[in-house]
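Enquirer: Quick one: sequence plus predicted model below, questions after.
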Amino acid sequence: MSEPVLLHTEEGIATLTINRPEVLNALNAELVESLRRHLAILDSDPRARVIILTGAGEKAFIAGADIGAMRDLDPLAARETALLAQEFLNDIERCAKPVIAAVNGYALGGGCELALACDLRVASENASFGQPEINLGIIPGWAGTQRLPRLVGKGRALEMILTGERIDAREAWRIGLVNRVVAPGELMDEARKLALRIAEKSQVAVRLAKEAVINGLEMDERRAGQYEADLFGLCFATRDQKEGMTAFLEKRKAMFQDW
Ligand code: CAA
């Protein structure tokens, strides 16, 4: 049997490929567990500075949660699977490393929700996004009702959630759901280039910047500002802050050492 998740690490960039193309990378419990294990290891692996998540095959990033595995669940079991998957998506959001979704095709239901939990989204022109749960008589269960409106606004999120209709990559870019759109053959190169640009920064500053945004969004604005100031102050305890500012003043490239 083939591995459900493939890992490739090169130049500080770890790429996780969801490998179930025969069902368009639909996520079952085994896949979620495997992804979770990989992510936990990468989170504390110094060789991985940025993580890219993508799907195997040319058709789909992830076509959602596995409908076959869901149909006969009782309400409590369904709730439990949703909570477990949400914990995994929270792990992505709280991962110390930036996580980029390279969306190579359908990102539907749980697939769209997983992309939303990533920090950045790069899409190929043939990608499409949607929350089609309403067509199955259910609602999104992996926090799509929460992350989607925060990213694209309440009106657009409700349109996607209530109609279940898909939007293409250009429209996803127009409404801010993805950061950039590229030709299918350029997707992984573009995601890697973006990852490398982040990987060359001070990883302490990258981590604190991510924390300021992710944690700050859960606070009221005033408290979030204070929290940001605390993390800003913390940067001044690092060698990389001294190096970054000295390099600027000496008109040379900074040599960051991640501490
Ligand atoms: N679960 C299980 N199997 C799936 C699947 C899913 N989410 N999506 C696709 N597949 C399977 C199909 O059943 C099919 O398998 P067989 O070859 O054995 O018949 C195979 O993948 C290929 O799919 P299609 O033949 O349907 O391919 P298509 O090109 O005609 O259509 C598609 C592609 C539009 C993505 C269509 O497959 C589709 O609509 N899939 C379901 C999308 C969906 O509803 N996702 C939401 C799931 S619910 C959810 O995610 C809840 C949540 O909030 C977490």
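Expert: Arrived safely.
Enquirer: Could you list the contact residues of the chain toward the ligand?
Expert: Within the chain, the residues that sit near the ligand (Cβ under 6 Å from any ligand atom) are 23-24, 26, 63-68, 106, 108-110, 113, 132-133, 136, 140-142, 144. Using the backbone N, CA and C atoms, a C-beta is placed for each residue, glycine as well.
Enquirer: Return, as residue ranges, the portions of the stretch 1-150 of the chain with sub-threshold pLDDT.
Expert: Low-confidence segments of the stretch 1-150 of the chain, defined by pLDDT under 70, span residues 1.
Enquirer: Can you show me the helices along it?
Expert: With DSSP state H, counting those that start in this stretch applied, the stretch 1-150 of the chain shows helices at 29-43, 67-70, 75-94, 110-117, 144-152, listed in chain order.
Enquirer: ok, residues contacting the third one?
Expert: Under the contact criterion Cβ atoms under 8 Å, 6 or more residues apart in numbering, helix 75-94 has outside partners 27, 29, 32, 35-36, 39-40, 43, 53, 65, 70, 73, 99, 110, 113-114, 117-119, 141-143, 214.
Enquirer: what's the burial count for D43?
Expert: Taking other Cβ atoms under 10 Å as the neighbour definition, D43 ends up with a count of 16.
Enquirer: And it, how close does it get to L31?
Expert: Using Cβ to Cβ, to the nearest Å, one gets 18 Å for the distance from D43 to L31.
Enquirer: just the buried members of the residues of the chain next to the ligand?
Expert: Neighbour-count burial (16 or more other Cβ atoms under 10 Å) applied to the residues of the chain next to the ligand gives 24, 26, 63-66, 106, 108-110, 113, 132-133, 140-142, 144.
Enquirer: which residue packs closest to the one residue in the stretch 101-250 of the chain that gets nearest to the ligand, ignoring adjacent ones?
Expert: Sorted by distance to the ligand under Cβ to the nearest ligand atom, the residues of the stretch 101-250 of the chain start with G109, at 2.4 Å. Using Cβ to Cβ, 6 or more residues apart in numbering and skipping residues adjacent in sequence, the residue nearest G109 is G64, 3.0 Å away.
Enquirer: can you give me phi and psi for that neighbour?
Expert: Reported as degrees, to the nearest 10, the phi and psi values for G64 are phi 110, psi -170.
Enquirer: list the contacts for it?
Expert: Shown here is G64, whose contacts under the criterion Cβ under 8 Å, 6+ apart are 26-27, 108-112, 132.
Enquirer: and which of the residues you listed is nearest to P4?
Expert: Nearest to P4 out of these is L27 (Cβ to Cβ; 9.5 Å).
Enquirer: how about that closest one, what does it touch?
Expert: Residues 18, 62, 64-66, 85, 110-111, 114 are the ones in contact with L27 under the rule Cβ under 8 Å, 6+ apart.
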